[in-house]
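[1] I'd like to go over a predicted model; first the sequence, then the structure.
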Amino acid sequence: MKTTVSAAAPDDGANPGGGAASASQPTDQRTARSPGAMTHPTTPASVPTGRYNQGHRYGTIRYAVGDPLPPVNEGAKVKMGLSEKTTNQLIPYIQNHIEMMTGNLNFVTPQPPAVDFLAQFNAYQVVALAAINAESAWKDAVAQRDQLRADITAAMNVRGAYVQEASNGNRQVILSSGLGVKNTPTPVTSIAAPTNLRVDLNGEAGMMKIRWNSVTAAKTYVLQCSPDVTPRVWEQLESTTKTLVTKTLEVGVTYAFRVAANGTPGQSNWSAETIRGAA
């Protein structure tokens, strides 16, 4: 009577070569015979199904006596980290894998087949190395460009100083060199009053946001307010470089606001008034 040994194939992750390698179907049926026993055909080995990391176990494989058993399942999982590897890391990693798989009796029928896999790798390696060389050449070219730009900029500054001295400050002579001429600064004799003064409530009792448009040549702004009475009783709220001021005023009182800009020529006229009640 034939003795048949049954074994479950290893988990998908524990056999990175595809599972079928160590559990290949035997080509001959070897049996253990007891005296006087009848000989019966052995049960054909079942073909494993599934693929790496599919999430289920391979089909049960039956082994005739004398066939090698699969490795002991230790729950190990394949780890590759391919997405984390640079091109310079990936190429030698795959090369080493190919070398380690060549002639490895643990993986006699790898997937993809060895010939196809090697062709894919060779195609990738040729293009990847060409890209690496192109990137290196590009970096060298950029570095050389930046250095030469710095050199020619320094030379142009020397040339500009020469033109300035040789032209004696004559506008047309400078322009005849192909270089530009700075515009003569126009002195500021007056400064405009701020516009678009507006006051918004801030959602808290008595708190108000006061803002206005910026003014050219203004260095600071003076903000004043007065109860909405005649004549006005102006009080300075703020002297600031900003165009936004937040102030908390007495709830229930209506106020008039105005702002002026200060600069080198002095203080501008006051802006148009804006009236708002504190709430």
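    In hand now; what should we look at?
[2] any idea of the mean pLDDT for the lengthiest helix in the chain?
    The longest helix of the chain (DSSP state H) is helix 114-167. Averaging pLDDT along helix 114-167 yields 96.
[3] just stretch 249-262 next, same as before
    For stretch 249-262, the per-residue pLDDT averages 95.
[4] buried sites along that stretch?
    By neighbour count on 16 or more other Cβ atoms under 10 Å, the buried set for stretch 249-262 is 249, 255-262. (C-beta placed from N, C-alpha, C; glycine too.)
[5] Against which helices or strands is the longest helix of the chain packed?
    Counting contacts by 3 or more Cβ pairs under 8 Å, 6 or more residues apart in numbering; DSSP states H and E, helix 114-167 is packed against helix 87-101, helix 171-176.
[6] Turn the buried residues of stretch 249-262 into a markdown table, including distance to S271 and secondary structure.
    Below are the buried residues of stretch 249-262 laid out as a markdown table (distance: Cβ to Cβ, whole Å; DSSP: H, G, I helix; E, B strand; the rest coil):
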| residue | distance to S271 | secondary structure |
| --- | --- | --- |
| L249 | 18 | coil |
| Y255 | 15 | strand |
| A256 | 11 | strand |
| F257 | 9 | strand |
| R258 | 5 | strand |
| V259 | 5 | strand |
| A260 | 7 | strand |
| A261 | 9 | strand |
| N262 | 13 | strand |
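[7] which one among the residues you listed gets closest to E238?
    V259 (8.9 Å; Cβ to Cβ).
[8] Isn't that closest one up against W270?
    Yes - counting by Cβ atoms under 8 Å, V259 touches W270, with 7.3 Å between them.
[9] Mind listing the shared neighbours of the two?
    Q224 (Cβ atoms under 8 Å, 6 or more residues apart in numbering).
[10] With respect to G180, which of the buried residues of stretch 249-262 is nearest?
    Using Cβ to Cβ, A261 comes nearest to G180 of these, at 32.0 Å.
[11] returning to what we had before: for G203, which of the helices and strands packed on helix 114-167 is the nearest?
    helix 87-101 (56.2 Å).
[12] Just the angle for that closest one relative to helix 114-167, thanks.
    Using axes from the mean of the first three to the mean of the last three Cα atoms, to 10 degrees, one finds that helix 87-101 and helix 114-167 are set 160 degrees apart in direction.
[13] per-residue confidence averaged over helix 87-101?
    Rounded mean pLDDT across helix 87-101 is 96.
[14] how far does that helix sit from the chain's center?
    28 Å (Cα atoms, centre = their mean, to the nearest Å).
[15] ditto for stretch 208-225
    Averaging C-alpha positions (Cα atoms, centre = their mean) puts stretch 208-225 40 Å from its chain's average.
[16] Buried residues, it. List them.
    Under the neighbour-count criterion of 16+ other Cβ under 10 Å, stretch 208-225 has 208, 210-212, 215, 218, 221-225 buried.
[17] So what would you say the end-to-end distance of that stretch is?
    Length of stretch 208-225, first residue to last, Cα to Cα, to the nearest Å: 12 Å.
[18] What's the mean pLDDT across it?
    For stretch 208-225, mean pLDDT rounds to 95.
[19] distance of Y162 from L179?
    Using Cβ to Cβ, to the nearest Å, Y162 is found at 10 Å from L179.
[20] One more: R159?
    From R159 across to L179, the span is 8 Å (Cβ to Cβ).
[21] Then L237?
    When Cβ to Cβ is the yardstick, L237 and L179 sit 50 Å from each other.
[22] just to revisit the earlier point, make TSV out of the buried residues of stretch 249-262 and add distance to T87.
    Below are those laid out as TSV (distance: Cβ to Cβ, whole Å):
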residue	distance to T87
L249	66
Y255	68
A256	70
F257	65
R258	67
V259	61
A260	64
A261	60
N262	61
